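>>> model this:
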Amino acid sequence: MPKDLIANRICQDDIARIPPKRAKDLSKHGLVPGDIIFARRGDIGRCALVTPGEKGWLCGTGCLRARLTKEVSAEFLIYILEIPQTVAWLNTNAVGQTMLNLNTTILAELPIPFPPLPEQRAIAAILGTWDRAIALTERRLAAAEQRKKALMQQLLTGRVRFPEFAKSTEKQSCKYGDLPADWKIIHLESVAEVNAESIGESSDPNRKYLYIDLSSVDRGIITMPTEHQAFGDLPSRARRILHRGDVIMATVRPNLLGFAVCDFKPENVLCSTGFALISPKELSDSHFIYQSLYSDIILKQVYGLVTGSNYPAINASEVKKLWFVWPTSAEERRNIAATLDACDRELDLLRRKQDALHAHKRGLMQRLLTGRVRVKGGSGLKPAGQTHEAP
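Numbers count the residues shown, from 1 in each chain. This is a model prediction of the structure:
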């Protein structure tokens, strides 16, 4: 069961089923709503509250069960167990060297500050409001991701077209399915250069650059370094010269989708040789090429070319030969890219909102669950110094 404790919830995807007779024999290990289960080994900070919808469940041998008294709110306690101080205490006091282990004796000694029960419930209700907001944002984000994925499959294959460009319904058949008759299938090298410019080892070792490594690019986002470094101090992989309009494509571990577009004018910026820098012959094609990298047509080609298990990668020469579905109208390519870019902006806003909600909740937990801010009379917040201290 420990693997089923994910994000402080019980994940039901792989829950084991046992015959009723066997379950009866193990009834003393039964779980009831309000129980809290803890992972016994490994990541011992994992725990989950058993909810009313999880009746008839048993606690596996890889978990410990805590059944609370009436003076304790289970919803309050599960939040206490999330804060860094609690997780740190569990990790410090657990036993074992190769793998940490938790037992009932250690768990019973876990120090927890308990305010009066009405305040526990009020705190849990406040934090529950944030959890519901986070869950709603997560659902909206998942829905937006699905919408973009579906839209990509439609727009990048011509199944759905902008009316002004669809002059006929005639199709052509190819290995990538049926495509509009007026579209092309082209190699990337016919519309772009790959790794157009690199810097040599004999370059001035004192000249300073900003260096973008593999960890700096993630699904459209480039995290720029804040400090310049002398060329002589940079890793040997710092060779690719970045230009405005370049599409950055991770060729090492491409399954992580480290792709982005350079929409700014870079000055003295080098990229790792773990990237292929795609320089479109027409600057306006940057975003169409970028969006196409996420399509099934491209990803299936890339995954088929990857070699190596510890360091899976594809070669730049193979990137040049990737087949792209290519609308012949530059304006149609721009419209497709603009539509998918708009989806990305929506996704970015939702991710930022999700991050902000998580950050606010973490800050609120630290204040409420340590008594720095007290909940007065079951509603509202009050500084700790203006009321009685938690027992």
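>>> report the beta-bridge partners for the nearest residue to Val247 once chain neighbours are set aside.
In this structure, Val247 finds its nearest non-sequential neighbour in Ile278, 4.0 Å apart by C-beta to C-beta, 6 or more residues apart in numbering. In this view, the C-beta of every residue, glycine as well, is placed from N, C-alpha and C. When bridges are called by DSSP bridges, Ile278 pairs up with Val194, Val247.
>>> may I ask which helix or strand of this protein has the lowest mean pLDDT?
strand 5-6 (a mean of 48; mean pLDDT, DSSP states H and E).
>>> picking up where we left off before, wait, the residue nearest to Val247 sits on Leu188?
Yes: at 6.9 Å, Ile278 counts as touching Leu188 under the criterion of C-beta atoms under 8 Å.
>>> related to what we said a few turns ago, list the contacts for the residue nearest to Val247?
Listed by C-beta atoms under 8 Å, 6 or more residues apart in numbering, the contact partners of Ile278 are 188, 192-194, 246-249, 289, 319.
>>> ok so, going back, between Ile278 and Leu188, which contacts overlap?
If you check Ile278 and Leu188 against C-beta under 8 Å, 6+ apart, the residues they both contact are 194, 289, 319.
>>> can I get stretch 148-167 in PDB? Just the C-alpha atoms.
Only the C-alpha atoms of stretch 148-167 are listed here, as PDB (Å, rounded to 0.1, in the frame of the first residue of the first chain):
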ATOM      1  CA  LYS A 148      -4.500  21.800 -26.800                       C
ATOM      2  CA  LYS A 149      -3.600  18.200 -27.500                       C
ATOM      3  CA  ALA A 150      -6.800  17.700 -29.400                       C
ATOM      4  CA  LEU A 151      -6.400  21.000 -31.300                       C
ATOM      5  CA  MET A 152      -2.800  20.100 -32.200                       C
ATOM      6  CA  GLN A 153      -3.900  16.800 -33.800                       C
ATOM      7  CA  GLN A 154      -6.600  18.600 -35.800                       C
ATOM      8  CA  LEU A 155      -4.600  21.700 -36.900                       C
ATOM      9  CA  LEU A 156      -1.200  20.100 -37.600                       C
ATOM     10  CA  THR A 157      -2.700  17.400 -39.800                       C
ATOM     11  CA  GLY A 158      -5.200  19.600 -41.600                       C
ATOM     12  CA  ARG A 159      -8.300  17.800 -40.300                       C
ATOM     13  CA  VAL A 160      -9.500  21.200 -39.200                       C
ATOM     14  CA  ARG A 161      -8.500  24.200 -41.300                       C
ATOM     15  CA  PHE A 162      -9.200  27.900 -41.300                       C
ATOM     16  CA  PRO A 163     -11.900  28.400 -43.900                       C
ATOM     17  CA  GLU A 164      -9.900  31.000 -45.900                       C
ATOM     18  CA  PHE A 165      -7.200  28.500 -46.700                       C
ATOM     19  CA  ALA A 166      -9.200  25.400 -47.400                       C
ATOM     20  CA  LYS A 167      -9.700  25.800 -51.200                       C
END
